[in-house]
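In: coords please:
(2 chains)
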Amino acid sequence: MTSKTEVLGDIGGRGLHWDGQPPVPTEEQANSFGNNSSGNQLKLSIGCEDDEESLSEDELRERYRAWTLSQVRPAPPPVQQEQAQEIRVFQAEDEEFLPMPSSLPEDFGNELSQLLRDNRPLFQTLHDDHIAEEVWQRKPPKILNKYLFGDVIGEGSYAKVKEVVQEDTLMRCAVKIYKDRRIKKIPNGPENVNSEKEIMRKVNHPHCIKMFEFFRLEEKTKQYMVLEFCVASLQEIVDTWEHKRFTPDWAHYFFRQLIAGIEYLHALSIVHKDIKPANLLVSPEGRLKISDFGVAEQMPLYQNDDTCTNVQGTPKFQPPEIVGGHNPTYKGFAVDLWASGVTLYNLLSGEYPFEGDVIMKLFENICWQPLEMPKTIELEEESQNLLTGLLEKDPMERLKMDQVKHHPWFAKAPIEEKFDWEKFVAAKGGNSSRQALSVFPSLAQLYNDQELESLDGDEGGSGDNDLQNPLAPQEEAPTASRQDQQRPNLVDSPPQSEHSASAFYRGYTLNLKWLCLNICSSLWLMMNKSDNFTYLLFTKFYDCIFFQYGLSIS
Amino acid sequence: MPILDLANAGFQAYAYIDEASCGAVKVYATKKGGHRFACKMWQLEKLADRCGFQHAIEEVQWLKLLRHTNIVPFYAAIVCDRHILIATHLSDMGSALNVIEKDYKVGFPESALVSITKQLSQALNYLHSQYILHRSIRASHVLLDSQGGVRLTGFKHCIRLNEHGLGKIHPINEFSEHLSDSLLWLAPEVLSQNVSGYGLPSDIYSLGITICEMANGFPPFTDMSPLQMLYEKTRGTTPRLLDSTTIGPEGSADHHQHHFSAGLHKLVAACLSIRPEDRPNASQLTTTNSFFKETKRPQTLRSLLPGVKLITEDTNKLTTIEEMDDSREVSTMDQFTQWDF
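Out: Okay, the predicted model is just below:
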């Protein structure tokens, strides 16, 4: 679904029109999309890449709002200062309500459904393939600062995380991308990013995520934090298990590692403040890595205890002394231990010790509700004891780090097996992108072009030719023979067409008609929800195809 | 304060062999009595920023632990005056890479390849039987002795598949930037860094690449950027031996003169199988492969590779070593250390 949004985001931005008049672009639209006269610049991405041009839903909404406003006032092009101000005022007032353009034909839905039902050719003029090729122009592989970019593997409130491969060492890493614009919108954003960076510089421990590099690209106005690659968060993994919980052995295995990591951080006077399964990542070798130091706090050098004042974190994992709001300061280390207690509770049972429908109810429960052991599963005596100690409401009575480490449940020998990803991979459909290098399509694009050319002539032939004829001439480095038959299982092969392995990357074989039909119909279905946003998407797309190419419904 | 002064200790710098991967000079010295040995000298400062002190320690530990006819015998390791000295057995033809670079630019003849491969797989079999993964099999880590011995070295990336030699054997997933100096030799499953990890067969793949390197005179994929190499390896491109049967008319004339037997081709293809489970294991390589049966009686490498000039005969380099010797540095250091407080 997201990819569709991006696709349309790329096209969009030029206003829609129903009454035959060309849309009047606002300045913003004109800036971001160039002029219409530059012709067939229509681009769609196939989703191997999405970069800054891709718009988030919010941005789309915003553009839509701007556009509808411009429709209300058909004066614009040279936007004058006053007018711009006026618009802004209008926006502020109208935050909630997006007006539907009155010019929408009421029976539009019926018309479209009729078209689809009749199975008539939807578009008149589809001359030849060149239109399709333009539509399917792929984005070039992106290499920034020696990192080749792959798929998005995660997204937080601050940043998007993508998989990358370092060009020289071929290290698979994850890069956290901080968009300046986005960070400025978050209260305390820039400061938090900065402190995260500083803390990450210091941290070097097998159970804390490692930062390899931090850089900023002025021309992109983004900051990049290159991190160790991890496969998934504990949250994602535990969700794929039965009843959303680990067996006690595995919960013990991860909890030990979590405590080892927290102990290290506390020794450096760092309070993490946001320990929860979603922030605990697991590396390919099955090692837990504490990550997301966005709200972590480094105690000042000369402060000799762990007193904090700044409250940040996830409510469900916060202890009574924070959510109670009575105390101006609190002990940071005890907070992390409480959170690790909630985490352990969750890993063992799949439930949370304290819940509430609304946040005030949750806070109340955290403060006053006595701890109850999970009902769905009978926990071992010792683990119950540990949980009681960690989820002690009085921070002074709560177990301290060394008490946790000497607790009999903690101290028992960990499970000897290596963490098995099978369950996770199976749950993700067997070909999770987390498994194989997601930069592969980009690599194919970078180095496979020659083969693409040759395939134009005789599709499907060349792969076999090589095999039949081992004497086939080799190019510059005659060291390699291609044996597509032996395509490995260790890379998740991308979907292959029946013709050749590379046809997928070409994308040209897709039929434009089919595509339009599909998108139109799915959008129309969504439209039935009479959501402004999907309506917007539809109209954007409609506009692009019908206006730009001069196509019309037959 | 100890001063690195081997001359006074009764050792004589004899010849300069090579620049080792850790940025330090590799020399060998002879005792006045006549026994020769190779001596790696790593400068601690350089070590610190290049591949790390830890790796040097690990290499020494592995050398101490391992004992096999095809693994380089280890004599001693000393830390002295900003240097780590690692004294090992001297292989008088140098590494296979040295031989390729100096005397066999288009690769070894098949008889030598067979002999080397056989001995290498014995070394691998020894390691693998203990679930030790070498992880950087390459021509520069294969030392050749004129008396016929092939000795494996370069243990700094060695790793055990079962921790401390106990417990179950697990595939490993580790991939660090330190491995990047031998990217060309790494198996696709190592490079793809996915959750399934890699195990003993990845060494067999490296062996296959090493055979190609020794046969062709250069390792496969040399002409590519690492990214392209990654792409080719993961999509299933397998390198092969270059000889008159595998290259077309535009291949280099030198390679046309090569004629490798079908057995050798088969062996390389098997070692370079994309799927790890398709590769032969080390013990299969040493015993059952039909390809080895052709070697009737053992011959010395000296007779198999007659063109090689031995390091011990190469007196030209003697001058180089004297220039490179930091004796001047030592003498200045002497003046300081003679002050006795």
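
In: residue B:107: neighbouring residues, count only.
Out: 24 (other Cβ atoms under 10 Å in any protein chain shown). (Glycine included, C-beta is placed from N, CA and C.)

In: what of the one 10 residues further on?
Out: When neighbours are counted by other Cβ under 10 Å, residue B:117 registers 27.

In: where does the chain dip in pLDDT?
Out: Here I'm looking at chain A. A:1-139, A:429-435, A:449-554 (pLDDT under 70).

In: my bad, the chain I had in mind was chain B
Out: B:1-10, B:12-34, B:48-51, B:148, B:164-167, B:250, B:288-298, B:312-341.

In: quick one, domains of it?
Out: B:6-90+B:311-326, B:96-304 (automatic domain parsing).

In: point out the most buried one among the ones you listed.
Out: domain B:96-304 (a mean of 20; mean count of other Cβ atoms under 10 Å in any protein chain shown).

In: what's the neighbour count on residue A:283?
Out: Neighbour tally, residue A:283, other Cβ under 10 Å: 21.

In: ok so, going back, out of the domains of chain B, which comes closest to residue A:378?
Out: Closest to residue A:378 of those is domain B:96-304 (Cβ to Cβ; 29.4 Å).

In: so for residue A:188, which of the domains of chain B sits nearest?
Out: domain B:96-304 (34.0 Å).

In: quick one: the helices in chain B?
Out: B:44-49, B:53-65, B:96-102, B:110-129, B:188-191, B:201-216, B:226-234, B:253-256, B:262-271, B:282-287, B:301-304, B:317-324, B:327-338 (DSSP state H).

In: how about the domains of chain B, which one is nearest chain A?
Out: domain B:96-304 (3.8 Å; Cβ to the nearest Cβ).

In: so how far is the first residue of the closest one from its last?
Out: Chord length of domain B:96-304, first to last residue, is 13 Å (Cα to Cα, to the nearest Å).

In: quick one: contacts for the closest residue to residue B:273 other than its chain neighbours?
Out: Distance criterion Cβ to Cβ, 6 or more residues apart in numbering or on different chains; nearest residue to residue B:273, sequence neighbours excluded, is residue B:279 at 5.0 Å. Contact partners of residue B:279, counting by Cβ atoms under 8 Å, 6 or more residues apart in numbering or on different chains, are B:201, B:204, B:205, B:208, B:270, B:271, B:272, B:273.

In: excluding sequence neighbours, find me the nearest residue to the third one.
Out: The one in question is residue B:205. residue B:187 (3.6 Å).

In: relative to residue B:132, how far out is the residue nearest in space to the middle of chain B?
Out: Note on chain B: the residue nearest the mean C-alpha position is residue B:141, at 0.4 Å, using Cα atoms, centre = their mean. Separation of residue B:141 from residue B:132 (Cβ to Cβ, to the nearest Å): 14 Å.

In: residue B:210 too?
Out: Applying Cβ to Cβ, the value for residue B:210 to residue B:132 is 18 Å.

In: isn't residue A:227 right next to residue A:209, touching?
Out: Yes. Here residue A:227 lies in contact with residue A:209, judged by Cβ atoms under 8 Å, at a distance of 5.5 Å.

In: now do the shared contacts for the two.
Out: A:200, A:291.

In: got JSON lines for the helices of chain B, with distance to residue A:275 too?
Out: Output for these, formatted as JSON lines (distance: least, Cβ to Cβ, whole Å):
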{"stretch": "helix B:44-49", "distance to residue A:275": "35"}
{"stretch": "helix B:53-65", "distance to residue A:275": "30"}
{"stretch": "helix B:96-102", "distance to residue A:275": "50"}
{"stretch": "helix B:110-129", "distance to residue A:275": "41"}
{"stretch": "helix B:188-191", "distance to residue A:275": "33"}
{"stretch": "helix B:201-216", "distance to residue A:275": "36"}
{"stretch": "helix B:226-234", "distance to residue A:275": "36"}
{"stretch": "helix B:253-256", "distance to residue A:275": "60"}
{"stretch": "helix B:262-271", "distance to residue A:275": "47"}
{"stretch": "helix B:282-287", "distance to residue A:275": "45"}
{"stretch": "helix B:301-304", "distance to residue A:275": "60"}
{"stretch": "helix B:317-324", "distance to residue A:275": "55"}
{"stretch": "helix B:327-338", "distance to residue A:275": "53"}
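
In: neighbours of residue A:371, how many?
Out: 15.

In: same check, this time on residue A:376
Out: Applying the criterion other Cβ under 10 Å, we find 9 residues in the vicinity of residue A:376.

In: mind telling me what element the residue of the stretch 51-200 of chain A found nearest chain B is part of?
Out: Nearest residue of the stretch 51-200 of chain A to chain B (Cβ to the nearest Cβ) works out as residue A:169 at 3.8 Å. Assigned by DSSP states H and E, residue A:169 belongs to no helix or strand.

In: distance of the closest residue to it other than its chain neighbours from residue B:213?
Out: Residue nearest to residue A:169 in three dimensions, not counting chain neighbours: residue B:180, with 3.8 Å by Cβ to Cβ, 6+ apart. Taking Cβ to Cβ as the measure, residue B:180 and residue B:213 are separated by 18 Å.
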